[in-house]
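based on what follows, work out the 3D shape:
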Amino acid sequence: MLSPYKSPIERAWFWTHRSLCALVLLFLILPVLVIIPLSFNSGSFLVYPLQGFSLRWYADFFTSAEWVRALTNSLIVAPAATVLAMIFGTLASIGLTRGEFRGKALVMSLLISPMVAPVVIVGVASYLFFAPLGLGNSFISLILVHAVLGVPFVIITVSATLQGFNYNLVRAAASLGATPLTAFRRVTLPLIAPGVISGALFAFATSFDEVVVTLFLAGPEQATLPRQMFSGIRENLSPTIAAAATLLIGFSIVMLLTLEWLRGRSEKLRTSMPE
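Numbers count the residues shown, from 1 in each chain. All right, here's what the predicted structure looks like:
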C-alpha cells in the first residue's frame, strides 16, 4: 500500500499507525492460531515442539461418544434458539422502528439487556426460574435462554437495516390490495433479509459458543460442545480439545465471511432502493 501523504512526518505517522494496528491484530490472533498446530500433533500432550503430524485427535473427536453427543446437542440447541431469536427479534425490531410510544427507549433497553448483563447472572436467574418447574436439565430451558441471549443481536442488525427502509413500498403494496401479512412476506422481508440473516448468524454463534448458562441448565445428557470442552480442560486435558477448537475456528471464519458478504449485499440493496 502506497502512502497518500507526501511530507515525511505524515508518511512516518502513516506507517507507524499501520504497524501498531498490525501488532495489535497479531497480539489478538496469535493465541488463537497457536492452538491449530497442536491439533495435528501426534503426541498426547499440548506442548511444543510437535512430535509429529497426525489426524488422530480429529478421528477421536468424530468417533468418541461423548464428543459426538456434545456436537449433536449443540446442533440441536443452536438452530432452535436461532429460529426463535430470529422470529421474535425481527418482530420486535419492526415494532420499535415503526411505532412511536412513550417508553420506547426503555423497552429497547430491556430487550437488549441480555447482551450487556453478566452471563453468570443470566445463568443463575434462569436456573432459579426453571428448576422449580422441573425444567432444570432439559433442552427446552436451554433453547429458551439461548434464544433470549440471541434476540438482542437480531434486534440491532434488523433495526439498522430498517433505518434505510422505504415504507412507501409497503404502502404501495397495500394500495394494490395486499394484506399486512402479504406485504411483509412479499415486500418487507426480502428487503431486510440480509439484516435478518446477519442477526441470525450472530444469534447462532452466541448459542453455539455459550458455556456458562449451559453449566447451570444442562445435565450430562444435554452437554453441548463448549461445555464438553470446558469439562475436558478441567478433568482430562486432551489434544482432542485442540481439534474441537480448530473446527470452531474454521466455523467462525466461515461465519465472518458470510456476514461480510451479507453486509455488502445489504449495502447494494440500500443504494438501489428507490426513494
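
chain center to whichever strand or helix holds Ile121: distance?
Counting by DSSP states H and E, the secondary-structure element that holds Ile121 is helix 119-130. Relative to the mean C-alpha coordinate of its chain, helix 119-130 is positioned 20 Å out (Cα atoms, centre = their mean, to the nearest Å).

please apply the same query to stretch 23-39.
Its chain's C-alpha centre lies 20 Å from the corresponding centre of stretch 23-39 when counted by Cα atoms, centre = their mean.

try stretch 179-190
27 Å.

try stretch 28-42
Computed by Cα atoms, centre = their mean, the separation of stretch 28-42 from the middle of its chain amounts to 22 Å.

please renumber so the chain begins at 25
Sure, I'll start numbering at 25, so the last one becomes stretch 52-66.

one step back: now for the helix holding Ile145, which elements pack on it?
Here helix 143-154 touches helix 163-186, helix 236-241, going by 3 or more Cβ pairs under 8 Å, 6 or more residues apart in numbering; DSSP states H and E. Placement of C-beta: from N, CA and C, glycine included.

phi and psi next, for Pro32.
Listed backbone geometry of Pro32 is phi -60, psi -40, with angles given as degrees, to the nearest 10.

any idea how far it is from Pro250?
Taken as Cβ to Cβ, to the nearest Å, the spacing of Pro32 relative to Pro250 amounts to 51 Å.

what does Val58 give?
Taking Cβ to Cβ as the measure, Val58 and Pro250 are separated by 19 Å.

so which of those two has more stuff around it?
Neighbours per residue, other Cβ atoms under 10 Å: of Val58 and Pro250, the larger number sits with Pro250, 20 against 12.

surely that one touches Val236?
No: if you go by Cβ atoms under 8 Å, Pro250 and Val236 don't touch, sitting 9.2 Å apart.

if I pick Glu284, what's in contact with it?
Applying Cβ atoms under 8 Å, 6 or more residues apart in numbering to Glu284 gives no contacts.

helix, strand or coil for it?
helix (DSSP: H, G, I helix; E, B strand; the rest coil).

now do it, the pLDDT please.
The model reports Glu284 with a pLDDT of 76.

now it: how far from Arg93?
Plainly put, Glu284 is 33 Å away from Arg93 if you go by Cβ to Cβ.

setting aside sequence neighbours, what's the nearest residue to Ser276?
For Ser276, the nearest residue in space outside its immediate sequence neighbours is Ala229; the separation is 7.2 Å by Cβ to Cβ, 6 or more residues apart in numbering.

how far away is the one you found from His41?
30 Å.

compare those two (neighbour count), which wins?
Taking Ala229 and His41 together and counting by other Cβ under 10 Å, Ala229 has the greater number of neighbours (20 against 10).

could you say which helix or strand holds that one?
helix 213-233.

for that helix, packing partners?
helix 89-122, helix 163-186, helix 249-259, helix 264-296.

what about 6 Å?
Secondary-structure packing of helix 213-233 (3 or more Cβ pairs under 6 Å, 6 or more residues apart in numbering; DSSP states H and E): helix 89-122, helix 163-186, helix 264-296.

any weak-confidence spans in this structure?
Applying pLDDT under 70 to the chain flags residues 25-30, 258-260, 287, 289-299.

got a list of what Ser78 touches?
Shown here is Ser78, whose contacts under the criterion Cβ atoms under 6 Å, 6 or more residues apart in numbering are Ser66.

mind doing that once more with 8 Å?
By Cβ under 8 Å, 6+ apart, the contact set of Ser78 is 64-66.

ranking the residues you listed by neighbours, who comes first?
So for the contacts of Ser78 (other Cβ under 10 Å), the most neighbours sit at Asn65, 22 neighbours.

separation between the closest residue to it other than its chain neighbours and Leu57?
Nearest in space to Asn65, with sequence neighbours left out and distances taken as Cβ to Cβ, 6+ apart, is Leu74 at 4.6 Å. Counting by Cβ to Cβ, the separation of Leu74 from Leu57 is 14 Å.

which parts of stretch 93-105 are buried?
Of the residues in stretch 93-105, those scored as buried under the neighbour-count criterion (16 or more other Cβ atoms under 10 Å) are 93-95, 97-98, 101-102, 104-105.
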